[in-house]
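**Student:** just to be clear, the model below is a prediction. Sequence and coordinates:
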Amino acid sequence: MFKFPARLVGAAVALTLAAATLALAQQLELKLMAPAAPGGGWDQTARSMQQALVASGVARSVQVTNVPGAGGSVGIAQFVNSAKGDGNQLMVNGFVMVGALAMNKSPVTLEQVTPIARLTEEIQVIVVPANSPIKTAQDLATAVKADIAKVTFAGGSAGGVDHVMAALFAGAVGADAKKINYIPFSGGGESLAAILGGKVTAGISGLSEYEGQIKSGKLRAIGVTSEKRIAGSETPTFKEQGIDLVIANWRSVVAPPGITPEQRKTLSDAVEKMVKSDAWKEILKQKGWEDAYLGGDAFADFLKKETVRVTDVLKSVGLVKS
Amino acid sequence: MDTFAALAHGMAVAVQPMNLLYALIGVFLGTAVGVLPGIGPALTVALLLPVTYKLDPGGSLIMFAGIYYGGMYGGSTTAILINTPGESASMATALEGNKMAKAGRGGPALATSAIGSFVAGTIATIGLAFLAPWLVDFAVRFGPEDYFALMCVAFVTVSATFGDSPIRGLTSLFIGLTLGLVGIDKLTGQARLAFGVPELLDGVEVTTLAVGLFAVGEALYVASRRHHTEEKLEPVRGSLWMTKEDWKRSWKPWLRGTMFGFPIGALPAGGAEIPTFLSYSTEKRLTKHPEEFGKGAIEGVAGPEAANNASAAGTLVPLLTLGLPTSATAAMMLAGFQQYGLNPGPLLFAERPDLVWGLIASLFIANCMLLVLNLPLVGLWVRLLAIPQPWLYAGILVFATMGTIAAKPSVVELSMLAGFGVLGFLMRRFDFPIAPVVVGLILGPIAESQLRRALAISLGDPMALLQSPISATLLGIALVALLAPFVLKGMGRFKANED
Amino acid sequence: MTSGDPVQPPRRVDRAGIVIAALLAVLAAVLVWDARGLQSTAMYGMGPEAMPVVVATGLALLAIGNFIDALRGNLPARESADPVPVVLILVGLALLIAIIGLGGGFILATSALFVTTSAAFGRRAVLVDSIIALVMSTLIYLAFDRLLTLSLPTGPLERLL
């Protein structure tokens, strides 16, 4: 493991050359907005796209800008207003933005942007502590139906994918989603402590976040939200257990409003080419992201349906006033 | 698995000349980027991570550890020299550190901060190596009610930063608490005090407030009283290095700071700010030179800096044993580890001992390199203060605003920075202490959300706060700490009456 | 902080102190007003309006405390302050914000701040300072943009680079 060839020069030079070396032939010069602070999920997606677009020769240069604020509400407002009709701009977004826009009563909506493609998604999971009497999703459903207030769910921020999922679960098993006792935590670490310490009944999160705990037996996964069972996994889906709960935390990329069909096609083609490149596949593997490419009108359709679904759920739990 | 043998093997690999060089480059890059205000350790690591891709796993791990420590230290350097804390955890350092720098003792301040970081980092890394599995069992038992109780302890100790008038100290604290309310309520997603401005929905950034109050406010204040005395900054007065006396006054705070920092850092929601405050107030109470506090007491730099670094090592406990990033920096480190095929989690110590011990050995080496690189630089850094006053303050303001421009380039954010600058100026002018505002902004929201989480879990029953043994103990400590000064004062009066 | 300088004779009633107390009271009122618009139904236990009310109560009490201090003239003595440099720096900050807001770019914005601050601290060599400022901010811009790939606001000067 620890053997070191003398490659000092590489280190010093890498900093300056990392981004600037490859590809001249293409003329695409893109500006890519991450509507979040540097370092977060959307920023990482944007910077990975930048890497893959340039490395695969799809674009000559990609400039990433960060416009953080309120789950992307600030970023999308700026994107829609200042990039209108510009065929060389893209913005990364995802599930969280749908809820954030609704909750923050944003004047700008996702209907205004031009959908390009969904890129990745993450399957969600519900876990309970290893010593919990709850063994299956049906056990949890029974508990929820018995006294919904006493079943506490730990998860991420209010109105985020975990919260929406808790409400969907309650609705799917026939309980009143408005009454769920959902406790938002600011990070996976905090909510995990609450789950392991038995402070809450169940925890909701992206599958990869708790994979280690599930494997080591500290947590029990009682259901995942994929359509079909994940290959090689012992955890059943909710569907298998008779609960209609399918949801994923997706990330996508969109273009400004008012671009021409040709411009849209150029951008869509570029993203499609990037998704199929080895560079992108390598990045997905490195970061542990699931490829969920969905392009063109199929994605536009998906985005519309997802917006309706999330907004309905947030209204039902009282986070968005109807 | 023999811990010592594994560690020794990791060390043997890490001290090869090439690896020492990688560590040095990492520390250098980390420090260089880390001193830029607004770029905290997390962002430093994020920006420099690609540099390490080109190396083999061992070399990149070591360089990565160096970048990490360098980034941590860079934030303290600006806190001491130009009163611009690079991240919230360096705030306590700025309180005494900048006063020392102004009094020509910037050299010892930077030195005690570097050596304290080294000592704390070393002890905490040892703690990580030997205590991690045990500590993490304790850490996950902390529930929301226990965190709330911990916040209560922290709040009680805030009074150490109040100065001489409790009313004015409390006023500052409540201004901070008010600012902490701004933005989306974490538990219900509703906007508070945002007045429809989208930029306010994320709340007030701690660094914007701290830089505004400290750096901008100070520049305004100094400018306003230039006609009284031409304040002449002497970069070096007395010894550039730590004197025997400095060492004597520093070593205990280093150790105490480590004791605060490591365990609290290991808590999933512990953070680095609370241990630095606890350390600051402890040192203020225990010092033999209370008159120097507020004017540049070396204990007030040594303790918080050690606490800051130890808590950073503490965050590695849940990261390595549970695979849980509990801070932005830890999240970036996780991304880094995955790069090297390390998948932190409960199985890591058993499955890949070579990588774990390699990492821990790398941390040791990087820590040493930090000292090697930064001690000689102390002399250079303090020379910065020799820049003529107009340029110095103009440079400080450019530097201070640059951080905000880089992190959040919006007119609203910059206006807030300027507004906090004016607030800082007025507070200085009317003699309100500055630090409690920032403390209130940091602690208020945490205390509120933990309390509300605890109450949501217990369905509104406040007794839940006393039923947890950890929380009951901490609340007891807070109560004693709150009442002790009054009781002692009362007893003193009683005795005086008897005489 | 105040040693050795001429201080204003202590007045019985401190007007600034009364203004501060009034501001605190206003702040408390704003908090209560804002909290009234929140709905507490979305959660068990304590709602989002509880903490603002607690803080507002504290601010109101502190307003009273500061008011009493001001009436008694308990505030520490203040030295006279020179408003000119303060205003100059604030103009610099306003320029910075305006230039960035209007798309003038990082280099011009920080240079404006540098020159006004330097002038506030007594320098009159505006031209020399401008050159120093432009060179410095250009270097900073290049470091951020090229080495760290962090985008700072761009304006006409940045596009030339």
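**Tutor:** Okay, I see it.

**Student:** up against chain C, what does the stretch 151-300 of chain A have?
**Tutor:** A:Ala158, A:Asn181 (C-beta under 8 Å from any C-beta of the partner chain). C-betas here are computed from N, CA, C, even on glycine.

**Student:** for the stretch 151-300 of chain A, which residue gets nearest to chain C?
**Tutor:** A:Asn181 (5.3 Å; C-beta to the nearest C-beta).

**Student:** from chain B, how far off is that residue?
**Tutor:** Going from A:Asn181 to chain B by C-beta to the nearest C-beta, to the nearest Å gives 6 Å.

**Student:** phi, psi for that residue please.
**Tutor:** As for A:Asn181, its main-chain torsions (degrees, to the nearest 10) stand at phi -100, psi 80.

**Student:** beta partners for it?
**Tutor:** A:Thr152 (DSSP bridges).

**Student:** how many other residues sit next to it?
**Tutor:** 22 (other C-beta atoms under 10 Å in any protein chain shown).

**Student:** quick one: pLDDT of the residue of chain A found nearest chain B?
**Tutor:** Going by C-beta to the nearest C-beta, chain B is nearest to A:Gly212 of chain A, at 2.6 Å. pLDDT recorded at A:Gly212 is 76.

**Student:** thought it was touching B:Leu322?
**Tutor:** Yes - counting by C-beta atoms under 8 Å, A:Gly212 does reach B:Leu322; the two are 7.2 Å apart.

**Student:** the more surrounded of those two?
**Tutor:** B:Leu322 (28 against 20).

**Student:** circling back to that earlier point, mind checking how far the residue of chain A closest to chain B is from A:Gly242?
**Tutor:** Separation of A:Gly212 from A:Gly242 (C-beta to C-beta, to the nearest Å) stands at 29 Å.

**Student:** and if you look at A:Val200?
**Tutor:** Taking C-beta to C-beta, one finds A:Val200 at 24 Å from A:Gly242.

**Student:** spit out the contact partners of the residue of the stretch 151-300 of chain A closest to chain C.
**Tutor:** By C-beta atoms under 8 Å, 6 or more residues apart in numbering or on different chains, A:Asn181 lies in contact with A:Ile148, A:Ala149, A:Lys150, A:Val151, A:Thr152, A:Phe153, B:Ala456, B:Ile457, B:Leu459, C:Tyr44.

**Student:** mean pLDDT per helix and strand in chain C: which one sits at the bottom?
**Tutor:** helix C:156-160 (a mean of 83; mean pLDDT, DSSP states H and E).

**Student:** show me the strands in the stretch 301-450 of chain B, by range?
**Tutor:** With DSSP state E, counting those that start in this stretch as the definition, the stretch 301-450 of chain B shows no strands.

**Student:** low-confidence regions, it specifically.
**Tutor:** Applying pLDDT under 70 to the stretch 301-450 of chain B flags the ranges B:323, B:335, B:338-352.

**Student:** now do the helices in it.
**Tutor:** Assigned by DSSP state H, counting those that start in this stretch, the stretch 301-450 of chain B shows helices spanning B:328-339, B:348-351, B:353-383, B:389-407, B:411-429, B:435-457.

**Student:** how about the last one and chain A, any contact?
**Tutor:** Same thing as helix B:435-457. Yes - using C-beta under 8 Å from any C-beta, helix B:435-457 reaches chain A at B:Ser449, B:Arg453, B:Ala456, B:Ile457.

**Student:** who wins on neighbours among the residues you listed?
**Tutor:** Result: B:Arg453 is most packed of those (other C-beta under 10 Å), 30 neighbours.

**Student:** contacts only, for that one.
**Tutor:** Applying C-beta under 8 Å, 6+ apart, the residues contacting B:Arg453 are A:Ile183, A:Phe185, A:Ala194, B:Pro144, B:Leu187.

**Student:** hmm, 7 Å instead?
**Tutor:** By C-beta atoms under 7 Å, 6 or more residues apart in numbering or on different chains, the contact set of B:Arg453 is A:Ile183, B:Pro144.

**Student:** cool, C:Leu108 as well?
**Tutor:** C:Ile99, C:Gly155, C:Leu157.

**Student:** what about the helices in chain C?
**Tutor:** Assigned helices in chain C, in chain order: C:15-36, C:50-72, C:83-101, C:106-120, C:126-142, C:156-160 (criterion: DSSP state H).

**Student:** if you could redo that for the stretch 51-200 of chain B, that was the one I meant.
**Tutor:** Using DSSP H, counting those that start in this stretch, helices in the stretch 51-200 of chain B cover B:57-82, B:91-102, B:106-139, B:144-158, B:166-181.

**Student:** before we move on, back to that, neighbour-wise, which of A:Val200 and A:Gly242 wins?
**Tutor:** A:Val200 (26 against 11).

**Student:** would you mind confirming that that one is in contact with A:Leu192?
**Tutor:** No - contact between A:Val200 and A:Leu192 fails when scored by C-beta atoms under 7 Å: they sit 10.5 Å apart.

**Student:** for the residue sitting nearest the centre point of chain B, which non-adjacent residue is spatially closest?
**Tutor:** Of all residues in chain B, the one closest to the mean position by C-alpha atoms, centre = their mean is B:Ala89, 1.9 Å from it. Leaving aside its sequence neighbours, B:Ala89 sits nearest to B:Ala272 (C-beta to C-beta, 6 or more residues apart in numbering or on different chains; 3.8 Å).

**Student:** check which helix or strand covers the residue lying closest to A:Lys84 once chain neighbours are set aside.
**Tutor:** Distances taken as C-beta to C-beta, 6+ apart place A:Gly258 nearest to A:Lys84, at 4.8 Å, with adjacent residues excluded. For A:Gly258, there is no enclosing helix or strand under DSSP states H and E.

**Student:** give me the pLDDT for A:Gly258.
**Tutor:** 84.

**Student:** how deep is it tucked in, by neighbour count?
**Tutor:** Going by other C-beta under 10 Å, the residues that sit close to A:Gly258 add up to 14.

**Student:** ok, it touching A:Gly85?
**Tutor:** Yes - counting by C-beta under 7 Å, A:Gly258 does reach A:Gly85; the two are 4.2 Å apart.

**Student:** check the gap between C:Leu139 and chain A for me.
**Tutor:** 15 Å.

**Student:** what about that residue, how many neighbours?
**Tutor:** Residues near C:Leu139, counting by other C-beta under 10 Å: 11.
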